[in-house]
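Colleague: Sharing a model that was predicted from the sequence below.
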Amino acid sequence: MQEVEETLKEERKGAGERPRSGDEIDIGIALKDVRHKLVIMSGKGGVGKSTVAANLAMALSMRGRAVGVLDCDIHGPTIPKLLGIEGVQPSVTGGGIEPVIVPPRLKVMSIGFLLSDRDTPVIWRGPLKMMAIKQFLGEVKWGELDYLIIDLPPGTGDEPLSIAQLLPKPDGALIVTTPQDVALLSVRKSINFARMLNLPVLGLIENMSGLTCPHCGKVIEVFGTGGGRRACTDLTVPFLGCIPLDPMITETGDAGKPFVLESSSSPSVRAFDEIARKVDELVGGNTKKVTRGE
């Protein structure tokens, strides 16, 4: 499929810039003003990893941090949909690719911006995916950021391996899971993958952790309970928190509005805020809060 493969090259040609080969892209220079780099991983699909990545990024932004989000799910990019910027196309200048801005200060890049329509499949093997990731890291004008959050597809395949090899000095990985054992089996593989590649594991986030009945107030453990904490104990990984199920998470995601912008009275919103606070404390020792309007 040549259309998507040639998109970045054609856009740079249109801007009057000669396409650069992979060897000419210096990721270290491109990311020199990015203070912290976080990788969001999951052992399997369907655990809400991209929803967690998008809302964590917005929660950190609401804490006054300058945040970038790189959607590295080449075959199933959902970050544009979750952030309400589906169909937007990034501009290309002589200095590189401009990320899409989500107010007030979120910068976003995704292969989803470059598809002719949302139903277009990306039929690429590993080398092409690695080249695209290299361009997203090294040619997007990320500028000065407190955090660059990288949303990976599930598993331990090409994209996670490419990020582990290409990303200079990552702060670490956040692993997203759900409470049931079938998800936790894959989490163990993700944690061991990160350790084998010297990628620090900052902690585990348990998503879809119980549902409060709107009629009686009783908590229903839809996917079981305590699995995330047990895995953290077994594997000596920090536990960052539980995010309860909430129908509004689905509704806001479909509407392209980050859930954390909803009422802070929601237990799930409070959970995201608390996880953002913990992440900020873990790695944000030298972040710089920006003032509103910067």
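Modeller: Received the coordinates, thanks. Residues are numbered from 1 along each chain as shown.

Colleague: Not counting its own residues, what contacts the host helix or strand of residue 176?
Modeller: Residue 176 belongs to strand 172-177 when elements are defined using DSSP states H and E. With contact meaning CB atoms under 8 Å, 6 or more residues apart in numbering, strand 172-177 is reached by 38-43, 47-49, 52, 56, 183-184, 186-187, 190-191, 194, 199-207, 227-228, 231, 237, 240, 279, 283. Bear in mind the C-beta positions are built from the backbone N, C-alpha and C, glycine included.

Colleague: Tell me the buried residues in the helix or strand following that strand?
Modeller: Going down the chain from strand 172-177, the next helix or strand is helix 181-196, by DSSP H and E. Using 16 or more other CB atoms under 10 Å as the test for burial, helix 181-196 gives 183, 184, 186, 187, 188, 190, 191, 193, 194.

Colleague: next SSE after the longest strand seen in the chain?
Modeller: The longest strand of the chain (DSSP state E) is strand 34-42. Sequence-wise, the next helix or strand downstream of strand 34-42 (DSSP H and E) is helix 49-62.

Colleague: any idea of the angle that following helix forms with strand 34-42?
Modeller: Going by axes from the mean of the first three to the mean of the last three CA atoms, to 10 degrees, helix 49-62 is angled at 150 degrees with respect to strand 34-42.

Colleague: distance of residue 244 from residue 212?
Modeller: Using CB to CB, to the nearest Å, one gets 7 Å for the distance from residue 244 to residue 212.

Colleague: what touches both of these two?
Modeller: With CB under 8 Å, 6+ apart as the test, residue 244 and residue 212 both reach 219, 267.

Colleague: Give me the more crowded residue out of those two.
Modeller: Neighbours were tallied for residue 244 and for residue 212 using other CB atoms under 10 Å; the higher tally belongs to residue 244 (19 against 15).

Colleague: thinking again about what came up before, list the strands paired with the strand holding residue 176, with their directions.
Modeller: Applying DSSP bridges, strand 172-177 is found paired with strand 34-42 (parallel), strand 201-207 (parallel).

Colleague: still on that earlier bit, between the buried residues of helix 181-196, which is closest to residue 77?
Modeller: Of all the buried residues of helix 181-196, residue 77 sits closest to residue 190, with 19.9 Å by CB to CB.

Colleague: show me the contacts for the residue nearest to the closest one when sequence neighbours are not counted.
Modeller: In space, and not counting its chain neighbours, residue 190 is closest to residue 43: 4.4 Å by CB to CB, 6 or more residues apart in numbering. Applying CB under 8 Å, 6+ apart, we find residue 43 in contact with 154, 155, 175, 177, 183, 184, 185, 186, 187, 188, 189, 190.

Colleague: residue ranges of the helices in the chain, please?
Modeller: Ranges of helices within the chain are 2-5, 7-14, 27-30, 49-62, 79-82, 126-138, 158-166, 181-196, 227-235, 247-255, 267-283, based on DSSP state H.
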